[in-house]
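In: quick one, what's the 3D model for this:
(one chain, ligands or ions: 1)
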Amino acid sequence: MTEELKRSGHLVVTIGAGPAGIYGVRKLAEAGHEVIVLNRDIKPGGLVEYGIYFNKHKLKEGVRKQFRQILVDPRIHYHGHVQIGEEADLTLGEIGELLAPSAIVVAAGAQGTKALGIPGDHAEGVYHAKDLVYHYNGLPQFSQRDFRIGQRVAIIGVGNVMVDLAHWLVHEKKIGEVIAVARRGPSQRAYTDVEIQAVAANLDQDDLRAELERVRPALEAVGEDLSKTTAELTRHCGLKSKEGESPTRLRFRFLSSPTEVVLNSAGQVEALRVEQTILVERGTSLAARGTGTFVDIPCDTVIFAIGDRVDEKLGLPCTGTEYVRNPHPDPLHPGDEAYQVYDPASGTVQEGLFVIGWSRSASDGVVGKAKLDGERGMAAVNRYLERVVPGTSDPAERLARFRSLLESRGVRAVTYPEVQQLEAHERQVAAEKGIEAFKYATNEEMLTAIGASA
Ligand SMILES: Cc1cc2nc3c(=O)[nH]c(=O)nc-3n(C[C@H](O)[C@H](O)[C@H](O)COP(=O)(O)OP(=O)(O)OC[C@H]3O[C@@H](n4cnc5c(N)ncnc54)[C@H](O)[C@@H]3O)c2cc1C
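Out: Numbers count the residues shown, from 1 in each chain. As a prediction, the model looks like this:
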């Protein structure tokens with residue numbers, strides 16, 4: 001006998017089906033709520049599908065398996081290919097009016113880009129990391145864009161995203177040189193030991209030693225042991241890459257704060273100008289302070305890999321790189337305020353509106369962290385729903401009305417069974433081609449594949 005599913009009568013709309021949204025909605029469904037998931041991309045997964053480096057098949061497939069188990073829950077109604085925002089398919093206000101949900105949860109990741117605002121940063125050949133990551137991972141809109149990558153690429157930032165980009169430049173583009181530029185020193189690098197192994201064989205060790213000698217006085221002034229640092233940075237250099245040899249030299253420039261992308265008279269990138277820095281104590285950490293000395297690092301392409309910001313056009317109040325959250329402790333459940341959206345203009349919490357994952361804290365951590373944040377946030381949503389009365393009209397009726405509105409607007413929402421068809425189709429193509437994974441990189445191809453297998 002099949003067990004009757006728990007139903008609370010509440011309808012919740014979640015925007016975004018990345019790890020935070022998907023792991024999060026499981027908590028809502030378990031509590032008996034009906035959940036409508038609206039996702040910009042046809043496929044669920046967010047950065048698991050379109051961010052994590054494309055050859056990490058095992059990791060991606062392991063997470064996808066868990067997503068599949070969650071998304072077949074009959075209380076979860078997935079709609080891919082539906083974008084929410086001011087200039088998108090639907091606004092947040094329309095969702096509120098049309099569906100009258102008990103709560104709306106924004107799990108749309110951090111879709112905006114962060115820049116330093118330096119002269120020249122809008123030139124051809126200057127890119128944001130996420131755009132390139134989306135490009136090489138086949139996200140429609142970005143997959144077909146023509147990114148002009150030269151032979152000498154300066155990447156600003158020294159985190160794991162820089163390493164992923166270097167990985168692509170070394171093993172796919174096989175360019176001449178990648179230069180990772182850091183405002184602070186080698187010990188403040190943010191990439192992990194595991195990730196750097198993908199490009200360690202390409203690290204120019206002579207250049208690294210010369211660079212460490214250049215910055216030795218500034219590093220020793222803050223007590224750094226250079227021999228230990230050198231050993232750490234070169235630890236994996238003996239490793240042969242599983243992806244074969246590549247001529248690309250990977251270099252680092254430390255204590256270098258970018259101030260300008262230098263362009264030639266034709267508007268092409270010819271260097272990244274940096275101000276040399278020293279390290280100074282600020283609280284418990286070390287900050288970079290400019291020395292007034294500027295040098296040019298010759299390059300023809302510049303990539304900003306300094307983190308992302310939330311999408312300001314989604315319709316929530318923003319501050320800095322993030323949406324505004326309730327600054328006051330929740331009187332009933334202290335901690336829940338971290339997930340509540342706050343309107344600074346009126347000084348009030350926006351009733352029933354929540355943020356989770358990278359939409360709550362942009363570029364913060366790996367999938368495990370987004371999962372935890374999604375689950376914690378949805379626990380706060382569940383506590384909120386215990387205090388409010390569900391809407392009077394049947395969630396199924398509201399869902400049907402919503403689907404006809406999408407249709408009347410010409411929005412081709414993709415259901416979860418259709419995603420399953422698409423995935424089956426892609427698996428079949430991969431098998432026919434004898435490759436580990438295959439995916440379509442345009443919406444048109446995906447919709448055709450869904451139609452073909454219907
Ligand atoms: C380059 C890169 C490499 C990474 N590599 C790894 C790794 O190897 N291992 C690891 O564990 N973690 C990795 N991460 C981190 C991991 O991907 C994130 O922690 C996680 O995906 C964040 O989850 P999220 O659900 O908050 O956001 P996202 O994954 O960004 O999901 C957001 C979802 O919202 C949807 N959306 C966006 N805007 C709208 C809108 N307006 N309307 C409707 N839907 C919308 C998108 O379609 C997307 O599905 C990587 C991240 C990056 C950037």
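In: residue contacts, Arg216?
Out: By C-beta atoms under 8 Å, 6 or more residues apart in numbering, the residues touching Arg216 are Leu226. All C-beta spots, glycine's among them, are computed from the backbone N, C-alpha and C.
In: now stretch 247-257, how far from the chain's geometric center?
Out: Centroid separation for stretch 247-257 versus its chain: 24 Å, with C-alpha atoms, centre = their mean, to the nearest Å.
In: do stretch 16-27 as well
Out: The answer for stretch 16-27 is 14 Å, by C-alpha atoms, centre = their mean.
In: any part of that stretch near the ligand?
Out: Yes. Legend: contact between stretch 16-27 and the ligand by C-beta under 6 Å from any ligand atom is shown at 16-21.
In: what about dumping the CA coordinates of that stretch to CSV?
Out: These are the backbone C-alpha positions of stretch 16-27, laid out as CSV (Å, rounded to 0.1, in the frame of the first residue of the first chain):
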residue,chain,number,x,y,z
GLY,A,16,16.3,28.9,-8.8
ALA,A,17,17.2,25.2,-9.0
GLY,A,18,20.8,25.1,-8.1
PRO,A,19,22.0,23.0,-5.1
ALA,A,20,20.6,25.5,-2.5
GLY,A,21,17.2,25.5,-4.2
ILE,A,22,17.0,21.8,-4.9
TYR,A,23,18.3,20.5,-1.6
GLY,A,24,16.2,23.2,0.1
VAL,A,25,12.8,22.3,-1.6
ARG,A,26,13.2,18.7,-0.3
LYS,A,27,12.7,20.2,3.2
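In: just the buried residues of that stretch, please?
Out: Under the neighbour-count criterion of 16 or more other C-beta atoms under 10 Å, stretch 16-27 has 16-27 buried.
In: now Glu260: how far from the ligand?
Out: Distance, Glu260 to the ligand, by C-beta to the nearest ligand atom, to the nearest Å: 26 Å.
In: name the element that residue belongs to?
Out: Assigned by DSSP states H and E, Glu260 belongs to strand 256-263.
In: burial count for the closest residue to the ligand within the stretch 351-454 of the chain?
Out: Of the stretch 351-454 of the chain, the residue with the smallest distance to the ligand, taken as C-beta to the nearest ligand atom, is Gly357 at 2.5 Å. Applying other C-beta atoms under 10 Å, we find 33 other residues in the vicinity of Gly357.
In: residues from the stretch 1-150 of the chain in reach of the ligand?
Out: Applying C-beta under 6 Å from any ligand atom, one finds that the stretch 1-150 of the chain approaches the ligand through 15-21, 38-41, 46-48, 51-52, 56, 83-85, 88, 107-109, 111, 133.
In: quick one, phi/psi of the residue of the stretch 201-350 of the chain found nearest the ligand?
Out: Nearest to the ligand in the stretch 201-350 of the chain, going by C-beta to the nearest ligand atom, is Leu314, at a distance of 5.3 Å. The phi/psi pair for Leu314 (degrees, to the nearest 10) reads phi -70, psi -30.
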